[in-house]
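Visitor: Quick one: sequence and predicted model below, then my questions.
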There are 2 protein chains.
Amino acid sequence: MAEITGKNFIGNTASAKGTKTFQATNPFNGGLLPGIFYLITEEEIAAVAVKATEAFKIYQQKTAEEKAVFLETIADEITALGDDLINRAAAESGLPPARLTGERGRTTGQLKLFAKLLREGSWVDARIDTAIPDRQPLPKPDLRHMLIPLGPVMVFGASNFPFAYSAAGGDTASALAAGCPVIVKAHPSHPGTDEMVSQAIISAAKKTNMPDGIYSMVFSNEETAIKLVTNPAVKAIGFTGSRKGGMAIFNAAVNRAEPIPVYAEMSAVNPVILMPGAVAANGAGIANAFAASVTMGVGQFCTNPGLVFMVDDENAKTFLNTLSAVIKSIAPATMLSKNICANYNAGVDKLKTLATLSAQSDAVADVHKTEAVPCIFTVAQNDFIANKNLSNEVFGPASLIVLCKNTEEIYEALQNAEGQLTATVHANADDEKSLQPIIDLMKEKAGRIVFGGFPTGVEVCDSMVHGGPFPSTTDSRSTSVGSAAILRFVRPVAYQNFPQHLLPDALKNNNPLKILRMVNGEYKRDAID
Amino acid sequence: MAEITGKNFIGNTASAKGTKTFQATNPFNGGLLPGIFYLITEEEIAAVAVKATEAFKIYQQKTAEEKAVFLETIADEITALGDDLINRAAAESGLPPARLTGERGRTTGQLKLFAKLLREGSWVDARIDTAIPDRQPLPKPDLRHMLIPLGPVMVFGASNFPFAYSAAGGDTASALAAGCPVIVKAHPSHPGTDEMVSQAIISAAKKTNMPDGIYSMVFSNEETAIKLVTNPAVKAIGFTGSRKGGMAIFNAAVNRAEPIPVYAEMSAVNPVILMPGAVAANGAGIANAFAASVTMGVGQFCTNPGLVFMVDDENAKTFLNTLSAVIKSIAPATMLSKNICANYNAGVDKLKTLATLSAQSDAVADVHKTEAVPCIFTVAQNDFIANKNLSNEVFGPASLIVLCKNTEEIYEALQNAEGQLTATVHANADDEKSLQPIIDLMKEKAGRIVFGGFPTGVEVCDSMVHGGPFPSTTDSRSTSVGSAAILRFVRPVAYQNFPQHLLPDALKNNNPLKILRMVNGEYKRDAID
């Protein structure tokens, strides 16, 4: 078994110069887990920055194939950690081993997706306009465009996905694929998991001859983390977590002497619109599926549906009755941490004062096991509009049903919502007449819009958008899941009149990488004569 | 002739509710030009924001063909203004009519480039992953990705390009192409030109049945402009101008309740590296071409080469002698405004205290004609490194030659430079050995790198990058010139499990737009069975 040392990784070097330490807690019983973790010092932070900068220069010389093998080797090394990793992650996160096994598969799968993207190679957006020396009144120069990496990227691991959004998660995979060294700030609720995964990444880096400093991992408090955010070596940030945490990072990053991009995925209530036709046709079926989505993973997904808009008619009553019955039957379950559970309970208590508790689990939560009780609330549309607090995310297995007089009120309620990761609609042929404006509005409000399903479950593929307008993220122009996530960590550069031997392969006339390029306005894989 | 009214355009409505007015000044003689321009009021600003938001909803329903015709009609309407427009722009800017005629052609050409891009249509980055309902352990949903517009965009016109970076310039053209309404803040040094061009845009909007509010134009002071920057209706900013102005806008925009993207192109000194082999082979030729580049347009280009790094050998002396002779022979010429000329003179005076004046025009500037004297300075590399002020942009026909002991010192000097729009190198076969690290560093520092030419002259094409690392811009992930500029004003959205008839055309199975799409990982124009 891989030993947990509690040390930071300054590139390949384990380091523990600090005196402040912490331990991880098991949410199942509140007990401390083995492993003493050392908070990084400012001196160590400086060393991390230097190594990342040096590694950036060397990593840029690596071919796409070499980077792809690096990513695949990380996946293999993570898999090789076997049950030790699953067990540690389960103990630190309270998540069931089966879920964590699935999440590990997603994590290694997404490393492999980026490896495939690198091998195919067209993502660099190569564009070539060849010269016209005799053009009047001025000659046209030869211009060639491609995307290049920004530089070292700092990644903040998330509590709710110890693998997929943490040390070797989507931010790390996409940044490494883009050509950027990565510095991970481990999440304090699963430091042992992050260390084990980091050991796997460093082992892969050594095996594939990647430069020391291509990957670093730090244990730090908020204050020291901000020191790294504002270090000139860091050129972009990836973050998944709370709005408060995300905005602190964003504000620090944009107020640097050199402002840098921040991709913070912060919060969402993921509205679900139930059109009256769909509820009439299948209210009970929707209620069952909705209850499963709200309580899946104890409601601890960024895409958890925390808000429902529906018309308050007879069918709505059937829907609510079914939903109540299902929610009552769902047992309380352990949340990720004591802190998250306390926040959930505070959010539920607040909702109790602002809305009507429509149903909750019949069973009582065991506080020693950090358990949360699933809850459903209802509120009238005019009360929802009047009180902004009702739109706030309550992270956990709770949802608020907003009862509207008609579909116009649904539209108005949705218009009142902030930016979202997702918006979902259930509709059938009877709803067609009033549907299009609602879909247009969903598109304006969210990064992903779902028809007839639920937003939980984020497919890792080329077409995924896991992002959205503020405050769901700080940068709606991006996705943090799927192959397009690589575009967050690059910028375009143009080469003018360069001789062939000094051009990167992607831009050479003979197209040695066989990538798709835009040549004089036409997409082609052909060589240029 | 189109009448200059001095009024703001709140969409299609001319409006002058304010009491504060100003006039334009002719830099050729310091005299006031006809036309009284009304500064916009806060009440009018609010009306602009409302109209832009309403227009956004309608404009999104327009087809790519309809938007393309709109852009082409703008070009036609601008051309139809004929010599009246050229004459007014010349009087307001001091730029020669021939140059302005060329710039008008570039401006109408770039509107047509975006029309072509819209008709081709593949720029929306359509990605489709089809469903696999029987996938284990979970079904794979149908996911479809495309780029959609952000919303109303505010554009700050630039002083140095009254057409190409102003009312109907690259920012406006790319934002309208992306699907965003535009609000232009006219530049106070050429308000009449901006009004005439705005009349052309509004005329085109009416002729092509575009919604009222698709385009607005305001005369405003800095304080009121910031009120518009922070208006919730505005979703992105385009700016070309000074670092001070750009940073004021950036800071206001990122500190809004909802932070928004700012594409501010602010300043650059555009280093030119003259490798010893190239200077030995053709020092006099390079000197002649360099002098032409530095003094072109009285040095008032964002890409003006303000900094040269070269090895201080015998051939450098030949280069400097030729350069001095040419610079002496170039007559002083009228700058864009009294303010810009005063700043230039202050910058030159400062350089005189920090570096050696190597040559200047033999003729004396006529201050009544707002004339600037071309100047060349030299400084030793160690002094350049020691004094950050020597890297500051001096906007106008001046350049600083940094004399280095060897190519290692050139590398060190370049490493010390801030982010740049361009970096240029002249090299021949004798320079190959030390060239690659310098090219790698140029790529790290600049958005466009030029081999064997000069950076002035920004080709409008698919491959252009007019952008670069901070502080040349506030967002290095973009270009403000060329077709890729459209990507600044969009964000991705994903449709999950949507029925065909509710999908946008770009994502329908039968691919009615015949665009290139990524379908299950492969680029194709085929329909999906």
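Guide: Looks like it arrived, so ask away.
Visitor: okay, now the domains of chain A?
Guide: Following automatic domain parsing, one finds the domains of chain A at A:8-101+A:149-266+A:479-487, A:271-451.
Visitor: okay, the ones you listed, which one's buried deepest?
Guide: Of those, the one with the most neighbours on average (mean count of other CB atoms under 10 Å in any protein chain shown) is domain A:8-101+A:149-266+A:479-487, at a mean of 22. The C-beta positions use only the backbone N, C-alpha and C, and glycine is treated the same way.
Visitor: okay, how far is it across that one, tip to tip?
Guide: Domain A:8-101+A:149-266+A:479-487 stretches 29 Å from its first residue to its last (CA to CA, to the nearest Å).
Visitor: got CSV for the domains of chain A, with distance to B:Pro261 and mean pLDDT too?
Guide: Supplementary listing: the domains of chain A in CSV, determined by distance: least, CB to CB, whole Å; pLDDT from 0 to 100:
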stretch, distance to B:Pro261, mean pLDDT
domain A:8-101+A:149-266+A:479-487, 10, 97
domain A:271-451, 14, 96
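Visitor: Including distance to B:Pro276, could those domains go into a markdown table?
Guide: A markdown table is the format used below for these (distance: least, CB to CB, whole Å):
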| stretch | distance to B:Pro276 |
| --- | --- |
| domain A:8-101+A:149-266+A:479-487 | 24 |
| domain A:271-451 | 53 |
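Visitor: Can you tell me which helices and strands the longest helix seen in chain A packs against?
Guide: Of all the elements of type helix in chain A, the one with the most residues (DSSP state H) is helix A:97-120. Secondary-structure packing of helix A:97-120 (3 or more CB pairs under 8 Å, 6 or more residues apart in numbering or on different chains; DSSP states H and E): helix A:64-80, helix A:82-93, helix A:170-178.
Visitor: List the pairing partners of the helix or strand that the shortest one is followed by within its sheet, with orientation.
Guide: Remark: after helix A:170-178, the chain's next helix or strand is strand A:182-185, criterion DSSP states H and E. Sheet neighbours of strand A:182-185, with direction, are listed as strand A:153-156 (parallel), strand A:215-218 (parallel) (DSSP bridges).
Visitor: Can you check which of these gets nearest to A:Trp123?
Guide: Between A:Trp123 and these, the tightest spacing by CB to CB is seen for strand A:153-156, at 16.7 Å.
Visitor: So which residues of the stretch 201-350 of chain A form strands?
Guide: Using DSSP state E, counting those that start in this stretch, the strands of the stretch 201-350 of chain A run over A:215-218, A:236-240, A:262-265, A:271-274, A:307-311, A:333-334.
Visitor: Looking at the helices and strands packed on helix A:97-120, which is nearest to chain B?
Guide: Of all those, it is helix A:170-178 that lies closest to chain B, at 11.5 Å by CB to the nearest CB.
Visitor: I'd like to check the angle between the closest one and helix A:64-80, please.
Guide: With axes from the mean of the first three to the mean of the last three CA atoms, to 10 degrees applied, the angle from helix A:170-178 to helix A:64-80 works out at 150 degrees.
Visitor: if we look at helix A:170-178, which residues are touching it?
Guide: The set of residues external to helix A:170-178 that reach it, using CB atoms under 8 Å, 6 or more residues apart in numbering or on different chains, is A:67, A:70-71, A:110-111, A:113-115, A:117-118, A:149-150, A:153, A:155, A:164-165, A:181-182, A:184, A:201, A:214-215, A:236, A:238-240, A:263, A:460, A:480-481, A:485-486, A:488-490.
Visitor: Now do that helix against helix A:97-120, angle only.
Guide: Using the same axes, to 10 degrees, the direction of helix A:170-178 lies 20 degrees away from that of helix A:97-120.
Visitor: next one: helix A:170-178 to chain centre, how far?
Guide: Taking CA atoms, centre = their mean, to the nearest Å, one finds the center of helix A:170-178 at 12 Å from the center of the full chain.
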